[in-house]
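K.L.:
mind folding the following:
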Amino acid sequence: MVHTPLLDTVKTPDDMKDLSREQLKQLADELRTEVIDAVSVTGGHLGAGLGVVELTVAIHHLFNTPSDKLIWDVGHQCYPHKVLTGRRDRIRTIRQGGGLSGFTKRAESDYDPFGAAHSSTSISAGMGFATARDLDGREGHVISVIGDGSITAGMAYEAMNNAGATDSRQIVILNDNDMSIAPPVGAMSNLLARTVSSGGYQRIRGMAKSIVKDAPRPIKSTAKKGEEYTRGMFTGGTWFEELGFFYVGPVDGHDLDALIPVLENVKNMKDGPVLVHVVTQKGKGYAPAENSADKYHGVSKFNVVTGVQSKSTPNAPSYTNVFADALIKEAQKDDKIVGITAAMPGGTGMKAFGEAFPKRMFDVGIAEQHAVTFAGGLAADGYKPFCAIYSTFLQRGYDQLVHDIALQNLPVRFAMDRAGLVGADGPTHAGAFDIAYMACLPNMMLMAAADEAELTHMVATAVAYNEGPCGFRYPRGEGTGVAIPEIGQVLEIGKGRIIREGSRIALLSYGTRLGECITAAEQLETLGLSTTVADARFAKPLDSALIKRLADEHEVLITIEEGAVGGFGAMVLHDLAAAGRLDSGLKIRTMTLPDIYIDQDTPHKMYQQAGLDADAIVAKVFQVLGRHQVDTANLA
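P.N.:
Down below sits the predicted model:
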């Protein structure tokens with residue numbers, strides 16, 4: 001166990017209120033040690049949290065949380081916050097089954113007023129809290145901490161533009177840990193930040209505003225601009241001032257002697273929104289994380305002394321790497337192929353593509369809406385853009401999918417990584433909805449890879465497909481271990497395949513549950529139930545001929561997919577209904593993700609809970625046949 005005598009006395013932020021400045025520094029050191037030790041046991045997000053240790057301590061020391069609302073953007077910065085807010089005894093369960101979420105979560109604690117895991121939502125949510133407070137006539141502060149790339153998304157500026165046009169009191173803290181948008185931080189900038197946020201400066205500013213209050217509008221406007229630009233020359237905050245925020249900073253986010261006075265001054269300011277620009281270092285205080293911020297953003301379990309992460313040897317390449325390798329090979333033959341990602345080059349495989357073709361890979365930042373329409377522009381001018389975005393993040397660009405891509409029938413290729421359940425990241429990152437939200441769009445062609453070889457073929461198919469937009473989905477993690485072709489083959493659009501032939505039960509899989517279907521079929525065969533297994537490959541267009549054959553030749557037809565209700569199974573039902581086959585005596589059922597959000601666990605346990613493993617498929621067959629227990633004497 002780590003030695004943390006002062007941290008041991010802090011059960012909630014109330015226990016921090018009377019600590020001296022030196023004690024707060026000690027507390028920050030112990031908190032950093034605790035976070036490092038905890039994440040070394042569980043794995044998870046490390047670098048961002050280490051960067052906000054002092055900021056977290058300062059906020060909880062100065063503000064009256066949870067009455068004052070503290071909103072963390074993205075949420076993976078919140079590990080130190082969780083330790084200080086009554087959850088230290090569970091911090092070594094983070095991202096584990098039944099344990100703490102890796103992000104802020106309203107159901108978990110009163111200290112988490114707003115859940116987060118996707119980015120750039122904190123200022124909008126903060127404005128909502130501030131407005132509710134004002135409408136009720138209550139006192140209190142609203143603090144939104146945004147950073148670690150979140151400020152690159154347009155939603156943050158939409159919120160600032162709206163909030164800046166009001167007099168509502170809201171504090172936004174910009175955690176600038178890698179964007180280099182600030183002038184050098186040091187004694188002078190800390191002094192300037194403390195000065196412009198001080199009561200004396202605010203009184204002088206207030207006097208000047210009252211003097212010009214009744215002056216003609218041109219004079220009033222000139223005076224306001226003069227004050228803003230003079231201050232902006234020294235602080236670098238003119239951009240935020242133009243959005244209507246009073247800018248303070250930059251401040252050294254690791255220097256409590258600089259940080260606490262500035263936040264205390266800001267706390268006492270009375271009117272309008274204010275932005276405090278805090279400069280931090282990702283991974284601060286842990287040398288391996290400081291020296292390799294990207295590798296220590298999210299980590300597996302690791303040795304605290306050496307920093308070496310304990311990663312198991314994969315049995316097969318990851319789907320992400322298979323996609324990247326296949327796309328690189330296709331791009332070597334076709335110079336019109338370009339790659340686009342939204343701040344996830346490593347997670348989507350686009351980093352490898354960018355290393356191979358540095359001028360043909362574009363990381364647009366956390367800006368999925370822009371990424372989609374940017375890809376549309378490229379496609380409209382003859383290029384073949386592959387827009388690689390996690391399924392859950394592509395949701396953020398849905399309006400652009402509808403109006404800019406599908407409506408114009410532009411051949412943008414959407415590579416949807418992290419399809420299905422994703423393990424430790426939990427429901428916020430699960431790719432549960434893309435089948436349903438993509439399949440309803442006219443002009444869209446959709447595929448799902450059952451294994452690594454199929455993914456390779458689908459990359460080649462997407463390259464060759466120029467009739468309109470298309471998407472293909474694949475899960476997080478390792479493949480199945482099948483042989484991967486050197487070059488993918490172009491698949492016939494809308495045609496599935498039969499994997500094994502049977503006569504009584506038909507299992508129609510869309511995606512990587514195919515392996516579980518095969519296992520279920522083998523179990524059913526041993527019990528005397530002859531079972532066909534088919535891989536749909538395409539959700540749109542459907543292979544109607546294959547579906548007709550399965551319906552005509554089998555007593556039971558079950559569809560299986562790693563997606564929400566309303567996806568592939570719903571399309572099969574619609575197809576059968578249109579053909580008049582639902583009243584033919586066929587017993588048909590759909591197996592989807594349940595209509596709930598499934599908390600984090602191992603993928604295996606999550607799919608067990610979802611009822612999408614081989615045992616659940618077998619049980620579904622017996623349920624459809626009206627048998628709740630295996631009765632081998634009556635199976636034939």
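K.L.:
list the contacts of the closest residue to Leu625 other than its chain neighbours.
P.N.:
With CB to CB, 6 or more residues apart in numbering as the criterion, Leu625 has its nearest non-adjacent residue at 6.9 Å, and that residue is Val556. Quick note: C-beta positions are derived from backbone N, CA and C, even for glycine. Residues near Val556 by CB atoms under 8 Å, 6 or more residues apart in numbering: Arg504, Ile505, Ala506, Leu586, Lys587, Ile588, Arg589, Val621, Val624, Leu625.
K.L.:
ditto for Asn175
P.N.:
Applying CB under 8 Å, 6+ apart, we find Asn175 in contact with Gly51, Val52, Leu55, Gln77, Val145, Ile146, Gly147, Asp148, Gly253, Val278, Thr280.
K.L.:
could you give the mean pLDDT of the helix or strand where the third one lies?
P.N.:
In this assignment (DSSP states H and E), Leu55 forms part of helix 53-62. When pLDDT is averaged over helix 53-62, the result is 98.
K.L.:
check stretch 353-361 too.
P.N.:
In this model, stretch 353-361 carries a mean pLDDT of 97.
K.L.:
buried sites along that stretch?
P.N.:
Using 16 or more other CB atoms under 10 Å as the test for burial, stretch 353-361 gives Phe353, Gly354, Ala356, Phe357, Arg360, Met361.
K.L.:
just to check, Glu290 is in contact with Lys284?
P.N.:
Yes. Using CB atoms under 8 Å, Glu290 is in contact with Lys284, at 6.6 Å.
K.L.:
of these two, which one has the most company?
P.N.:
A side-by-side neighbour count of Glu290 and Lys284, using other CB atoms under 10 Å, places Lys284 first with 19 against 16.
K.L.:
tell me which element the more buried one falls in.
P.N.:
Using DSSP H and E, Lys284 falls within no helix or strand.
K.L.:
restrict the host helix or strand of Pro250 to CA atoms and write it as PDB.
P.N.:
Applying DSSP H and E as the criterion places Pro250 in strand 246-252. The C-alpha coordinates for strand 246-252 follow below in PDB (Å, rounded to 0.1, in the frame of the first residue of the first chain):
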ATOM      1  CA  PHE A 246     -13.700  37.500 -19.200                       C
ATOM      2  CA  TYR A 247     -10.400  35.800 -19.700                       C
ATOM      3  CA  VAL A 248      -7.900  35.100 -16.900                       C
ATOM      4  CA  GLY A 249      -4.600  33.400 -17.500                       C
ATOM      5  CA  PRO A 250      -2.500  31.600 -18.400                       C
ATOM      6  CA  VAL A 251      -1.900  30.100 -15.000                       C
ATOM      7  CA  ASP A 252       0.500  27.300 -14.100                       C
END
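K.L.:
for that strand, give the mean pLDDT please.
P.N.:
The model assigns strand 246-252 a mean pLDDT of 90.
K.L.:
list the strands paired with it, with their directions.
P.N.:
According to DSSP bridges, strand 246-252 forms sheet pairs with strand 274-279 (parallel).
K.L.:
quick one: distance of the strand it pairs with to the chain centre.
P.N.:
Offset of strand 274-279 from its chain centre (CA atoms, centre = their mean, to the nearest Å): 24 Å.
K.L.:
contacting residues around the next helix or strand after it?
P.N.:
Once strand 274-279 ends, the next helix or strand along the chain (criterion: DSSP H and E) is helix 287-291. Helix 287-291 is contacted from outside by Leu46, Gly47, Leu50, Gln281, Lys282, Gly283, Lys284, Tyr296, Thr306, Gly307, using CB under 8 Å, 6+ apart.
K.L.:
ChimeraX command for the buried members of those?
P.N.:
To isolate in ChimeraX the members of the contacts of helix 287-291 that are buried, counting by 16+ other CB under 10 Å, one can use:
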select :46,47,50,281,282,283,284,296,307
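K.L.:
how about the contacts of helix 287-291 in JSON lines, adding pLDDT?
P.N.:
Converted to JSON lines, the contacts of helix 287-291 look like this (pLDDT from 0 to 100):
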{"residue": "Leu46", "pLDDT": "90"}
{"residue": "Gly47", "pLDDT": "88"}
{"residue": "Leu50", "pLDDT": "94"}
{"residue": "Gln281", "pLDDT": "90"}
{"residue": "Lys282", "pLDDT": "88"}
{"residue": "Gly283", "pLDDT": "89"}
{"residue": "Lys284", "pLDDT": "92"}
{"residue": "Tyr296", "pLDDT": "76"}
{"residue": "Thr306", "pLDDT": "85"}
{"residue": "Gly307", "pLDDT": "83"}
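K.L.:
nearest to Val172 among the contacts of helix 287-291?
P.N.:
When these are compared for distance to Val172 (CB to CB), Lys282 comes out closest, at 19.6 Å.
K.L.:
could you list every residue that touches that closest one?
P.N.:
Lys282 makes contact with Gly47, Ala48, Leu50, Gly51, Asp148, Asn177, Asp178, Ala289, Glu290, Ala293, His297 under the criterion CB under 8 Å, 6+ apart.
K.L.:
most neighbours out of the residues you listed, which is it?
P.N.:
Going by other CB under 10 Å, Gly51 tops the contacts of Lys282 with 31 neighbours.
K.L.:
any idea of the pLDDT on the residue nearest the centre of the chain?
P.N.:
Centroid check for the chain by CA atoms, centre = their mean gives His118 as the closest residue, at 4.4 Å. pLDDT recorded at His118 is 88.
K.L.:
which element is it on?
P.N.:
Using DSSP H and E, His118 maps to neither a helix nor a strand.
K.L.:
start and end of stretch 459-473, how far apart?
P.N.:
Its start and end residues considered, stretch 459-473 measures 11 Å (CA to CA, to the nearest Å).
K.L.:
so for it, what gets flagged as buried?
P.N.:
459-465, 468-473.
K.L.:
ok, the buried residues of stretch 353-361 vs Thr512, which is closest?
P.N.:
Taking CB to CB as the measure, Thr512 sits nearest to Phe353 out of these, at 22.5 Å.
K.L.:
filter the buried residues of stretch 353-361 down to the ones in strands?
P.N.:
In strands, defined here by DSSP state E, the members of the buried residues of stretch 353-361 are Met361.
K.L.:
and the buried residues of stretch 353-361 as JSON lines, adding distance to Val490?
P.N.:
Converted to JSON lines, those look like this (distance: CB to CB, whole Å):
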{"residue": "Phe353", "distance to Val490": "20"}
{"residue": "Gly354", "distance to Val490": "25"}
{"residue": "Ala356", "distance to Val490": "22"}
{"residue": "Phe357", "distance to Val490": "22"}
{"residue": "Arg360", "distance to Val490": "21"}
{"residue": "Met361", "distance to Val490": "24"}
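K.L.:
do you have the helices of the stretch 151-300 of the chain handy? List them.
P.N.:
154-163, 187-196, 199-211, 217-235, 238-242, 256-268, 287-291 (DSSP state H, counting those that start in this stretch).
K.L.:
no further questions, thank you.
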